[in-house]
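S.K.: For reference, the sequence and a predicted model appear below.
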Amino acid sequence: MNRETALACRTWAFEEAKKVLARVTKTPPKKGYVVFETGYGPSGLPHIGTFGEVCRTSMVQLAFRQISDIPSKIIAFSDDMDGLRKVPSNVPNPQILEENMGKALTSIPDPYGKYESFAHHNNAKLREFLDSFGFEYEFLSSTECYKSGRFNDTLLKMLQNYDKVTKCVLPLLGEERKATYSPFLPVSPKSGRVLQVPLKEVKPESGTIVFEDEDGTLTELPVTDGNVKMQWRPDWALRWVALDVDYEMAGTDLRSSADVAKQIVRVLGGTPPEGFHYELFLDEKGEKISKSKGNGLTMEEWLHYAPAESLAYYLFQRPTAGKKLYFDVIPKAVDEYIAAIEKLPTEDDAAKLNNPAWYIHNGTLPNDKHTPVNFALLLNLASASNAHSKETMWGFIKLYKPDATPENSPFLDQLVGFAVRYYENFVLPTKKYRAADDRERAALTALVTKLKALPKNADNETIQTEVFSAGKENGYPKEELRSWFQAIYEVLIGQSQGPRFGSFVALYGIDKSIALIESGLRGDFVNKQAA
RNA sequence: GACAGCUUAGCUCAGCCGGUAGAGCACGUGACUUUUAAUCAUGUGGCCCCGGGUUCGAAUCCCGGAGCUGUCACCA
């Protein structure tokens, strides 16, 4: 990739990368590489926000690689020394967590019983999650950073600037909290809990703080080596300085806190990282997605109905705009991704840099994402054809694209699986069967007779002809044939529209189709629906 | 109240370092099909939120305003 071309690109990812380039051009990083950080709170499991942040940060890193030779890495930082404040609802053995309230997450036994601590469990889940998408990153544990002494120098600097640091945070706090606020949270040597207590004394010269422990004893602890954790805003600044972070993006909800953290970095004589604030996800009505309300889509739901690449595509689109995240955006994202991927090989470098697919595939041309059929078509096909299996779907696909097979179009095969799920979860529940009236009953009965007379391997057209004549011979004049077919769908499939019925029978199987019609005549579907 | 984002076709949105307004869906028409769905072709449809400014020229830049949405206790 030509550097000039890359520098001319104006997508948000390149604009971000250029900010980083300007930063390291001004003061080259002493560590010899550029650090992109993403943060993660391990009291819960990874979710779409986690994915979005790492995904987007990776895109900025990719852009940066096009405009600079300085090596770079992404750090996934886990805040696993935070005290546990709330027992998550979806965890087994909640009493274990209950008993360890307030302790650092890495000091609490794993309620799943698999890892050495609750945080280790959640960290493992995070890594598993990130790895499953192929992200490249270096994992860092807050606890390890504190305990190993990696943060010591910066912690001492924080202590020397205790008043200034505190002053940065105070304007953001409510009156009550202001009174007791301290940027340092001592870990009680007795209970192991991370304490939110006012400090009795701050001793920069000895590198210690004095506070009243839970049992009332006056205790003095060094701020170094994991004896003390920093409250989250200074904590953020702490690792920006200690790890010399060059870039970190954050949601707009953290804007003011990020600004405070930046101030603290300056107090310590550092340069705050570059970064921008992405907007939060909204639901269909433009309201904020929250777990308690249960509105909007979860990451699992998205991945249940569409490939991860489509989600990455969606996340690439204007991160600074609030994005509505609900089911209907998925098919569009999938199809736009498909269109992008099809276009990519034909584009010159400048155009590639404007193509989301380039970012999604880390600047490479994937050769296994081709599909001759788009997702919208598959969704329609699944609903129309009553498809419960990929095989049925493939039968219909072959009518349109005779050359396509699951073997030569694995990505399409994957999409077919998603379309079937969509059908089963969204369309099936809305089906409304009705009973056949007398004319329909006569025609359907005639159809059964005709189908029984056909050879097992009769083709679409032959069957279609029989369907047609069954209607014609049983009271449907030519101009009413439309309602004959409509009746077939309403009685047998529970929809007013369906596939070409001859094709349907050929694929579904003549015997099975006969059984289906007989069930319909008996009223099985209507009864089942009533029950 | 402070700050941020959004406001462009019926819907969802793209475009924005200024140069005759775009896509998908929906809708209309046609082709194909012994019905429908699908597919293909084609078409209708915009005071680009309002007002001002800069400019030969503004959806795009600047100023002012309106509406919608979000964030701003504690915790992280």
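M.R.: Done, it's in. Numbers count the residues shown, from 1 in each chain, chains lettered A, B, ... in the order given.
S.K.: quick one: what helix or strand has the closest residue to residue A:68 other than its chain neighbours in it?
M.R.: If the residues on either side of it in the chain are set aside, residue A:68 comes closest to residue A:21, at 5.4 Å by Cβ to Cβ, 6 or more residues apart in numbering. In this view, the C-beta of every residue, glycine as well, is placed from N, C-alpha and C. If you go by DSSP states H and E, residue A:21 is part of helix A:12-26.
S.K.: cool, and residue A:221?
M.R.: Assigned by DSSP H and E, residue A:221 falls in strand A:218-222.
S.K.: What pairs with that strand, parallel or antiparallel?
M.R.: If you go by DSSP bridges, strand A:218-222 pairs up with strand A:208-212 (antiparallel).
S.K.: Going by neighbour count, list what's buried in the partner strand.
M.R.: A:208-209, A:211 (16 or more other Cβ atoms under 10 Å).
S.K.: what about it, near RNA strand B?
M.R.: No - figure legend: strand A:208-212 not in contact with RNA strand B (Cβ under 7 Å from any atom of the strand); closest approach 14.9 Å.
S.K.: Tell me, how many residues neighbour residue A:413?
M.R.: 18 (other Cβ atoms under 10 Å).
S.K.: surely it meets residue A:406?
M.R.: Yes - in this structure, residue A:413 is within contact of residue A:406 by Cβ atoms under 8 Å, at 4.0 Å.
S.K.: OK, contacts around residue A:315?
M.R.: Counting by Cβ atoms under 8 Å, 6 or more residues apart in numbering, residue A:315 touches A:51-52, A:55-56.
S.K.: how close does it get to residue A:52?
M.R.: 5 Å (Cβ to Cβ, to the nearest Å).
S.K.: For the stretch 151-300 of chain A, which residue gets nearest to RNA strand B?
M.R.: residue A:174 (2.5 Å; Cβ to the nearest atom of the strand).
S.K.: Now do the contacts for residue A:3.
M.R.: By Cβ under 8 Å, 6+ apart, the neighbours of residue A:3 are A:66-67.
S.K.: and the stretch 101-250 of chain A, which residues reach RNA strand B?
M.R.: A:172-174, A:176-177, A:185, A:194, A:196, A:231-232, A:235.
S.K.: Buried residues in the helix holding residue A:21, which are they?
M.R.: For helix A:12-26, by 16+ other Cβ under 10 Å, it's A:12-14, A:16-21, A:23-24.
S.K.: which residues in the stretch 351-500 of chain A form helices?
M.R.: According to DSSP state H, counting those that start in this stretch, the stretch 351-500 of chain A carries its helices in the segments A:356-360, A:375-385, A:390-400, A:410-422, A:438-453, A:460-472, A:481-488.
S.K.: how about TSV for those helices, with mean pLDDT and distance to RNA strand B added?
M.R.: Formatted as TSV, the helices of the stretch 351-500 of chain A follow (pLDDT from 0 to 100; distance: least, Cβ to the nearest atom of the strand, whole Å):
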stretch	mean pLDDT	distance to RNA strand B
helix A:356-360	90	10
helix A:375-385	75	4
helix A:390-400	78	6
helix A:410-422	88	12
helix A:438-453	88	12
helix A:460-472	81	4
helix A:481-488	78	3
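S.K.: residues from the stretch 251-400 of chain A in reach of RNA strand B?
M.R.: Going by Cβ under 7 Å from any atom of the strand, the residues of the stretch 251-400 of chain A near RNA strand B are A:252-257, A:277, A:279-280, A:282, A:286-288, A:317-318, A:320-324, A:329, A:332, A:335, A:376-377, A:380-381, A:384, A:400.
S.K.: What separation is there between the residue of chain A most remote from its centre and RNA strand B?
M.R.: Distance from the C-alpha centroid of chain A peaks at residue A:473, with 55.4 Å (Cα atoms, centre = their mean). According to Cβ to the nearest atom of the strand, to the nearest Å, residue A:473 and RNA strand B sit 12 Å apart.
S.K.: Cross-check the contact I'm expecting between that residue and residue A:447.
M.R.: No - counting by Cβ under 8 Å, residue A:447 is not a contact partner of residue A:473; they are 10.0 Å apart.
S.K.: Contacts for stretch A:155-169 next, please.
M.R.: A:181-184, A:202-204, A:207, A:209, A:223-224, A:228, A:230-231, A:233-234, A:237-238, A:241, A:260, A:263-264, A:267-269.
S.K.: Sort out which residues of it are buried, please.
M.R.: Those would be A:155, A:157-159, A:161-162, A:165-166, A:168-169, for stretch A:155-169 by 16+ other Cβ under 10 Å.
S.K.: any chance of the residues you listed in a markdown table, with distance to residue A:300 too?
M.R.: Shown next, in a markdown table, are the buried residues of stretch A:155-169 (distance: Cβ to Cβ, whole Å):
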| residue | distance to residue A:300 |
| --- | --- |
| A:155 | 39 |
| A:157 | 42 |
| A:158 | 39 |
| A:159 | 43 |
| A:161 | 44 |
| A:162 | 44 |
| A:165 | 40 |
| A:166 | 41 |
| A:168 | 39 |
| A:169 | 36 |
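S.K.: could I get these as JSON lines with pLDDT?
M.R.: Output for these, formatted as JSON lines (pLDDT from 0 to 100):
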{"residue": "A:155", "pLDDT": "97"}
{"residue": "A:157", "pLDDT": "96"}
{"residue": "A:158", "pLDDT": "96"}
{"residue": "A:159", "pLDDT": "96"}
{"residue": "A:161", "pLDDT": "95"}
{"residue": "A:162", "pLDDT": "95"}
{"residue": "A:165", "pLDDT": "94"}
{"residue": "A:166", "pLDDT": "94"}
{"residue": "A:168", "pLDDT": "93"}
{"residue": "A:169", "pLDDT": "93"}
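S.K.: what's around the nearest residue in space to residue A:230 that is not next to it in sequence, how many residues?
M.R.: Spatial nearest neighbour of residue A:230, chain neighbours left out: residue A:238 (5.3 Å); criterion: Cβ to Cβ, 6+ apart. Other residues near residue A:238 come to 28 when the count uses other Cβ under 10 Å.
S.K.: who does the helix or strand containing residue A:238 touch, helix- and strand-wise?
M.R.: Using DSSP H and E, residue A:238 maps to helix A:232-242. Helices and strands touching helix A:232-242, by 3 or more Cβ pairs under 8 Å, 6 or more residues apart in numbering; DSSP states H and E, are strand A:34-40, helix A:142-147, helix A:152-160, helix A:162-169, helix A:255-267.
S.K.: which stretch among these comes nearest residue A:122?
M.R.: strand A:34-40 (8.8 Å; Cβ to Cβ).
S.K.: next SSE after that closest one?
M.R.: helix A:48-67.
S.K.: in that following helix, what counts as buried?
M.R.: A:48, A:50-67.
S.K.: Tell me the spacing between the closest residue in space to residue A:467 that isn't next to it in sequence and RNA strand B.
M.R.: Take residue A:467 and drop its neighbours on the chain: the residue closest to it by Cβ to Cβ, 6+ apart is residue A:501, 5.1 Å away. Residue A:501 sits 5 Å away from RNA strand B, going by Cβ to the nearest atom of the strand.
S.K.: mind checking pLDDT for residue A:501?
M.R.: Listed pLDDT for residue A:501 reads 79.
S.K.: give me the number of residues near it?
M.R.: Neighbours of residue A:501 (other Cβ under 10 Å): 23.
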